[in-house]
Each structure stands twice: as structure tokens, then as C-alpha cells.
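A.B. asks: With the input below, show me the fold.
(chains A and B)
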Protein chains: 2
Amino acid sequence: MLRTHYIGELRQPLGGSVRITGWVERVKEVGRLRFIWIRDKTGMAQVTVSKENKALFEKTADLRLHDFILVTGKLAEKPIARVGVEIIPTEVKVLSKAETPLPIDVTGHIKSILSTRLDWRPIDLRNPKNAAILKIQATLVEGMQEYLNSNGFLQVFTPCIIGAGSEGGAELFEIDYFGQKAYLRQDPQLHRQLLMVAGLDKIYDLGPNWRAEPSHTPRHLCEYRACAVELSYIEDERDVMKVEEELVAAGIKKVVEKCQDELRLLEKEVEVPKTPFPVLTFPEIYDILEDMGKKIPYGEDLDREAEKLLAKYVKEKYDH
Amino acid sequence: MLRTHYIGELRQPLGGSVRITGWVERVKEVGRLRFIWIRDKTGMAQVTVSKENKALFEKTADLRLHDFILVTGKLAEKPIARVGVEIIPTEVKVLSKAETPLPIDVTGHIKSILSTRLDWRPIDLRNPKNAAILKIQATLVEGMQEYLNSNGFLQVFTPCIIGAGSEGGAELFEIDYFGQKAYLRQDPQLHRQLLMVAGLDKIYDLGPNWRAEPSHTPRHLCEYRACAVELSYIEDERDVMKVEEELVAAGIKKVVEKCQDELRLLEKEVEVPKTPFPVLTFPEIYDILEDMGKKIPYGEDLDREAEKLLAKYVKEKYDH
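C.D. replies: Take a look at the predicted model:
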């Protein structure tokens, strides 16, 4: 590898030369010194170039925001840098030049609208806050998989292309399958159930699903991932609810354990939910909702507002 | 859950009543006894019904192959059953009746052809040998994911529907995307690379890919899963090869650790490959192949036979 260390690994004492890689986050000149802030996915370091090192000072003169560079040097023994880690370089090599100006503002001074951010998503993701969301997502999945793997659930991979819809309706993406009509699954439900028929008993399929619904709400995606669990020999819905709550708790527990830095960066606090979860039963929830001022006819679906009210009710009554 | 134990968990001493679930693998009558073999995904047990228990003997008279049943009873204190575990039942409940005769022979006496097996795949998978393959697959993936997660690779989920092919060629499945043309990805390559641009540095995407190539060889699938790894700041191809060999070794190591029963069932021996792997370099491999009697012009692709010859060469020369 070009680098010997991630920036996050740089701590004194580290004798000898180190090589780090990353992008230029800031360049500032003060008197006879040029400070180059370099960031990789683990943190930020200051590279301090002195005018006395004429060759290197000239070479780093046209470094621009988000140039990707390789820095060879030594850790400063008494760092004065605000970012904590300081490197006295012997060599700075540009791996890849950035365009100037960058297509979106990466300093955070000017907020870009969502469509611009998505057009330049790779640059947008260099913002540690945005990268943190992916880290938390991956950790949540890791926690869920660990729970499932260690509780006898077999990970399976079931087909995405199917011959007919599993949930009815017209919301299917149609594929031309060698001249025949086929569809992207809405859910791996059919194959999960066939694997129960096969006697595999407890399985999960962590994969993509699609719904061809033209929607503009933020609660709807045409392509999404699901952790689809199936289990045989249940007595009733409570056996399923037990797995669901343990799965959710295991995922969140892993996030709380491994993502404190990311949660702090996003200014979010997350608690591992206590199990078992409080249970509200039908049809009493209609009475609860009516007491809270929301009248829904018995048996009708709950809307978003009703879900929020019930969450509030559970928080108040069970502190959950 | 309907069951209190998997069959594989039944060991003396287990006082009190147990409940197991599974399908009927065999029914045999000898004198005043009826032996019902019941299998779940963990093993097989014999349920012994005596004619003295008239009600139960009558009730179990029309049990057929692959009926799914729930058996309540006690472990026999001195089991005489060939299958090892024996249960004296107090109750046998049919959860689901099988058709008689079954559409494929599940006793193993008559081998079904592949297309029949695939038509009845859920029943085919009740054969422990076939289920073992899925267990080994899941364990291989688990080992690979553990390696990647604990070595700083972030699991990401990238889009399956794309606007254009990533690898050129016409072998794309076309989708009707709200009246526009879109395609199923051949590989998550583009999005992996964009995540390198984002500075995420080391990632993997474990997901489906598609190739619309009408092929009838067993080496080709239209839909397949890949563990697609991407890493930044490599010096050369050896950095990639190092990750690849560690990934392969970690996956196989997990299989060797966790799937001994399944490997024995399939009569397969698997060794964890030693790392580092021996390295053969271009263009010397053409000389090696020529020495082995296979002449391929310098720079041409290797075919299947050439790959096999090189594997043989490495086995002989490096015992690897």
C-alpha cells in the first residue's frame, strides 16, 4: 500500500518515516510556514512545510482543495497543530489533481441543495458527517447479521428476477428476459417460504427489493434493501415479534458500541432498546388513539400520525 | 415456538416432556411397534408407538412420507433405535399432510434428473446433502464478511438499477423504468469506484449481478452474487492479491471450522490454503504451459484447460 498508516493511527512515539494519503482539506500560509491539512477516512493531520525547504515549498505552492496527495515525513515531536497530529514532510506527491473550483462547496460555508449533492455524491460523501451515516448503516447490518448467524438463522441468497409478482399489484419493474416478460421481485417472500417447505427452518435474505411506485415522499424508494427473516414452527405472532425485537436491539447495540464517534459527529444519541418491548393489542389501540384525539374506525390501517401518537403513548406510559 | 428442542439437541438426561417438529422420513411396523422416523434440519429421531397405546397407534396409522408433524413425548431411557435418539410419544399431531406419492423420490432409491429436482426444489433440499451445500455457502460468506469487517472494509449497498452498462457489451437486462430504459448492473464497479473517490478507501458490496448471456454451460449464471471489494491507495496488483488470498483463506477457514458434519456428508475434504499463495508471473506462464504441452500465443487469454494445467503445476511444484 502507498500509505504506512491511517491518520487516525498516528500517535507519538512513532520513530522513523511514515506515509499517509488523503485529500487536501485546507491550505494556509502564515509567515514562513505553509500548513496543509490532509484528511483520510480516519481523521485529519497538519502537514507543515517550511520556506527553508525550498524545493518542497515550491512544489506544494499550487496544491488546491481536494487534491489527493501522498505525504512522506515524520511526526512533529511537539505538535502545535490545532488538528492534533502534525507532520514534517520530506516529500509530498500529488496522486490526483482536483478541479478548481470544486463543483460543490466542501468547506460547509455554502449549503448545497439535495439534487446538487446527489449529482456530486462522491464529493459530498467526503464530508465526515455523510460518511458517518454509511458507517452506522454498515454497523447496524453487522449487528443484525451477528445476531442471526449466532442464533441458527442461515443466510440465503434468493432470486431477484421472478416470473410473476409475489404481492400482486402493478408496482413491478418489468424486464425483458430473453424475449419473455419477467419482473424484479418486490420481496423475497416466495423463496423464503419455499425454503421453509425445504425444512431449513430459520433463514434470512439480506438483499435488494424493488417497487415501481412513482412516489415523491421521502418514505419511499424504488430500490431498497431488506433483512428478510423467515422462521418455521411458530406458535403465533409473538414468536415472530420476539425475533424482531431481538434483531432490532442487536443491531442498535452494535451501533452504540462501535459508532460513538459517528453519533457524536451527527449529534445524535442512541439508546439500546430494552427487551421485551411493550405490546399494545388490537383493538385497544383504537381506544388509545381516540383518547389522544385521533379517531380511526375499528380495523382501518393506521396512518403516520397515528404511529407517532402510539410511539408517544408508549414513551410516556412505559418509558420505552 | 411449537418445538422445545431441535432433534440435534436431544441428549439424555432430559427429564420431562419435549416437543419436536419435522417431517416423516420413514414409517415401519415390527410386531406390536410402529417406528416413525422424524427429521428436522439438525438430525433424525425415532418415535416409537406401541399398539398398547391404542388411540395413538390408530392416529398414526395413516402417516405418510414427508407429512410434517409435531411430536410430544419423553426420551427413551434405553434407546434401541438405529438413529440414536428415541422418543416415546404422548401425542403426535399432523401439522401438514404431504401428497402421496411425493412428486420426486426422496428415499434416494431413484435419482431424479436435474430439471425435475429444480421443479421440486423445496423437497429436493430436504435431502441433508443438498441442504449442506447452502450451509457451507452461508458459512463461506460469513467468514469472508468477518475478515472484511475486522480489517476496516465497510459494507456498502450500491444501486442495482443503472442507466448504462458498466462493462460495455450488449449483455444487459433491460428494464422499463417509468417509461425510460434502464439496466440491471453487470457489476457494482462504477459505484464502488465512486466510493473510492468519496474517500471511503476500503469497501465491499455483497450483492447480486446479472448478465444477459444465453449460455448453457454450468459455468454461467444470468444472476449471481459477488463479494465485490474495492480498495484505494494500492501500490500495485500485489496489494490486491494480498487481500484476495486473505479473503479466500478466511472464508475457507470458517467452513473448515464450522462445517465438518456437512463436509463429511458430502464426502469432501477441504484444507485451509496456506498464505501467501505461490505467484506465477506473466509472461513465464506461457512457457510453463508450453512445457506441459499447451501452446497459447503470448498475451492471449487462458482457457479452462490452461487454468487446470496451471493448478496442477502449482500443486506439484509448491504443494499448494
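A.B. asks: can you map out the strands along the stretch 201-320 of chain A?
C.D. replies: A:202-210, A:223-231 (DSSP state E, counting those that start in this stretch).
A.B. asks: what's the closest of those to B:Gly179?
C.D. replies: With Cβ to Cβ, the closest approach to B:Gly179 among the strands of the stretch 201-320 of chain A belongs to strand A:202-210: 16.0 Å. From N, CA and C alone the C-beta is placed, and that goes for glycine too.
A.B. asks: which SS class is the residue nearest the centre of chain A?
C.D. replies: For chain A, A:Leu134 is the residue whose C-alpha lies nearest the centre (Cα atoms, centre = their mean; 2.0 Å). Classification of A:Leu134 using DSSP: H, G, I helix; E, B strand; the rest coil returns helix.
A.B. asks: where are the low-confidence patches of the stretch 1-150 of chain A?
C.D. replies: Along the stretch 1-150 of chain A, the model assigns pLDDT under 70 to residues A:79, A:81.
A.B. asks: domain parsing for chain A?
C.D. replies: A:7-96, A:128-275, A:278-320 (automatic domain parsing).
A.B. asks: Mind checking those domains for the one nearest to chain B?
C.D. replies: Closest to chain B of the domains of chain A is domain A:128-275 (Cβ to the nearest Cβ; 3.6 Å).
A.B. asks: just how off-centre is that closest one within its chain?
C.D. replies: Domain A:128-275 sits 14 Å away from the centroid of its parent chain (Cα atoms, centre = their mean, to the nearest Å).
A.B. asks: Give me the distance between the two termini of that domain.
C.D. replies: 33 Å (Cα to Cα, to the nearest Å).
A.B. asks: Need the winner for burial among the strands of the stretch 201-320 of chain A.
C.D. replies: Comparing the strands of the stretch 201-320 of chain A by mean neighbour count (mean count of other Cβ atoms under 10 Å in any protein chain shown), strand A:202-210 comes out on top with a mean of 22.
A.B. asks: That one vs strand A:223-231, what angle?
C.D. replies: Per axes from the mean of the first three to the mean of the last three Cα atoms, to 10 degrees, the angle that strand A:202-210 makes with strand A:223-231 is 160 degrees.
A.B. asks: Need the outlier residue of chain A, farthest from its centre.
C.D. replies: Farthest-from-centroid check, chain A (Cα atoms, centre = their mean): A:Glu52, 44.3 Å.
A.B. asks: gap between that one and A:Ala61?
C.D. replies: Look at A:Glu52 and A:Ala61: by Cβ to Cβ, to the nearest Å, they are 15 Å apart.
A.B. asks: Could you check the domains of chain A and tell me which one is nearest B:Val92?
C.D. replies: Proximity to B:Val92, assessed across the domains of chain A by Cβ to Cβ, is greatest for domain A:128-275 (15.0 Å).
A.B. asks: isn't A:Glu77 right up against A:Gln12?
C.D. replies: Yes - A:Glu77 lies in contact with A:Gln12 (Cβ atoms under 8 Å); the separation is 7.0 Å.
A.B. asks: quick revisit: and the residue nearest to the centre of chain A, what does it touch?
C.D. replies: A:Leu125, B:Leu154, B:Val156, B:Leu200 (Cβ atoms under 8 Å, 6 or more residues apart in numbering or on different chains).
A.B. asks: Give me the buried entries from those residues.
C.D. replies: A:Leu125, B:Leu154, B:Val156, B:Leu200 (16 or more other Cβ atoms under 10 Å in any protein chain shown).
A.B. asks: A:Arg126 against A:Ile104, yeah?
C.D. replies: No - when contacts are counted by Cβ under 8 Å, A:Arg126 is not listed as touching A:Ile104 (10.1 Å).
A.B. asks: Pick out whichever of those two has more residues nearby.
C.D. replies: Neighbours per residue (other Cβ atoms under 10 Å in any protein chain shown) separate A:Arg126 from A:Ile104, with A:Arg126 holding more: 21 against 17.
A.B. asks: measure that one to A:Leu65 for me?
C.D. replies: 10 Å.
A.B. asks: Identify the contacts common to those two.
C.D. replies: Counting by Cβ under 8 Å, 6+ apart, the residues touching both A:Arg126 and A:Leu65 are A:Val106.
A.B. asks: quick one, helices of chain A?
C.D. replies: Under the criterion DSSP state H, chain A contains helices at A:54-59, A:114-119, A:121-124, A:128-150, A:189-197, A:237-258, A:260-265, A:284-291, A:304-318.
A.B. asks: need the contact list for A:Thr82.
C.D. replies: Quick fix: residue A:82 is Arg, not Thr. Contacts of A:Arg82 (Cβ under 8 Å, 6+ apart): A:Gln46.
A.B. asks: Kindly list the longest strand within chain A.
C.D. replies: In terms of residue count, the longest strand belonging to chain A (DSSP state E) is strand A:18-30.
A.B. asks: on that earlier part again, which one of the buried ones among the contacts of A:Leu134 is nearest to B:Leu56?
C.D. replies: Closest approach between these and B:Leu56, by Cβ to Cβ: B:Val156, at 55.9 Å.
A.B. asks: pLDDT wise, what is that closest one at?
C.D. replies: B:Val156 is assigned 97 on the pLDDT scale.
A.B. asks: What of the one 5 residues further on?
C.D. replies: Reading off the per-residue confidence, B:Ile161 sits at a pLDDT of 95.
A.B. asks: what pLDDT does A:Tyr233 get?
C.D. replies: Looking at A:Tyr233, its pLDDT reads 97.
A.B. asks: A:Ala170 too?
C.D. replies: Predicted confidence (pLDDT) for A:Ala170: 67.
A.B. asks: follow-up on the earlier one: dump the residue contacts of the nearest residue to the residue farthest from the centre of chain A once chain neighbours are set aside.
C.D. replies: The shortest distance from A:Glu52 to any non-neighbouring residue, by Cβ to Cβ, 6 or more residues apart in numbering or on different chains, is to A:Arg32 (7.3 Å). Residues in contact with A:Arg32 (Cβ under 8 Å, 6+ apart) are A:Ser50, A:Lys51, A:Glu52.
A.B. asks: ok, now with 10 Å
C.D. replies: Residues in contact with A:Arg32, defined by Cβ atoms under 10 Å, 6 or more residues apart in numbering or on different chains, are A:Val49, A:Ser50, A:Lys51, A:Glu52, A:Phe57.
A.B. asks: Same question for A:Val256.
C.D. replies: A:Thr139, A:Gly143, A:Leu263, A:Glu269, A:Val270, A:Glu271, A:Val272.
A.B. asks: re earlier: turn the contacts of A:Leu134 into a markdown table, columns for distance to B:Tyr183.
C.D. replies: Converted to a markdown table, the contacts of A:Leu134 look like this (distance: Cβ to Cβ, whole Å):
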| residue | distance to B:Tyr183 |
| --- | --- |
| A:Leu125 | 24 |
| B:Leu154 | 26 |
| B:Val156 | 20 |
| B:Leu200 | 25 |
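A.B. asks: In strands only, show me those.
C.D. replies: Short answer: these in strands (DSSP E) are B:Leu154.
A.B. asks: nearest to A:Gly84, of the contacts of A:Leu134?
C.D. replies: Nearest to A:Gly84 among the contacts of A:Leu134, counting by Cβ to Cβ, is B:Leu200 at 22.2 Å.
A.B. asks: Help me confirm that that closest one comes into contact with B:Val156.
C.D. replies: Yes - using Cβ atoms under 10 Å, B:Leu200 is in contact with B:Val156, at 7.5 Å.
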